[in-house]
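> Structure, please.
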Amino acid sequence: MTMLVAKAKTHLRELPLVLAVDDSPVQLRLIQDALTRNGYAVKTAPSSEEALAMLTVVVPAVIISDVMMSGMSGYELCQQLKRDENLRRIPILRLFNSLLMTLSLIARRVCTESISCAV
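Model prediction:
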């Protein structure tokens, strides 16, 4: 193994890991690209069921999950995770119909929960 490959593998292990779950390949790609550009390692799962399978071998720092998916919904995924002693403490960011809508809702919540919010 070359020194460059060894450094790359070490660097990847140090990046915070995010698990993105969405049945839309376009949304998954947008999330993955944005997070990768900002210094995160990203694993993706096209369904809640695949996410649960991945979580048997990796434990991410945070999970980003679509709410409305075919099969098991994002809400059901959250319920499953909260029942598992090893996974219940992983923060979960739930996405709604669009990333823009989600970010808007988060911004409103942060502003209403903060003492002051500069606009």
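
> pLDDT weak spots in this structure?
By pLDDT under 70, the weakly predicted segments of the chain are 1-13, 97-119.

> ok, 80 please
Where the chain drops to pLDDT under 80, the residues are 1-14, 96-119.

> now the helices: where do they sit in it?
Under the criterion DSSP state H, the chain contains helices at 3-14, 25-37, 48-54, 74-83, 99-113.

> Using CSV, write out every CA atom in the shortest one.
To tie it back to what came earlier, the one meant is helix 48-54. The C-alpha trace of helix 48-54 is given here as CSV (Å, rounded to 0.1, in the frame of the first residue of the first chain):
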residue,chain,number,x,y,z
SER,A,48,-35.5,2.4,5.3
GLU,A,49,-35.0,-1.4,5.1
GLU,A,50,-31.6,-1.0,3.6
ALA,A,51,-30.7,1.6,6.1
LEU,A,52,-31.5,-0.7,8.9
ALA,A,53,-29.3,-3.4,7.3
MET,A,54,-26.4,-0.9,7.0
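
> In that helix, which residues are buried?
Neighbour-count burial for helix 48-54, with 16 or more other Cβ atoms under 10 Å as criterion, is recorded at Ser48, Glu49, Ala51, Leu52, Met54. Glycine gets a C-beta too; all of them are placed from N, C-alpha and C.
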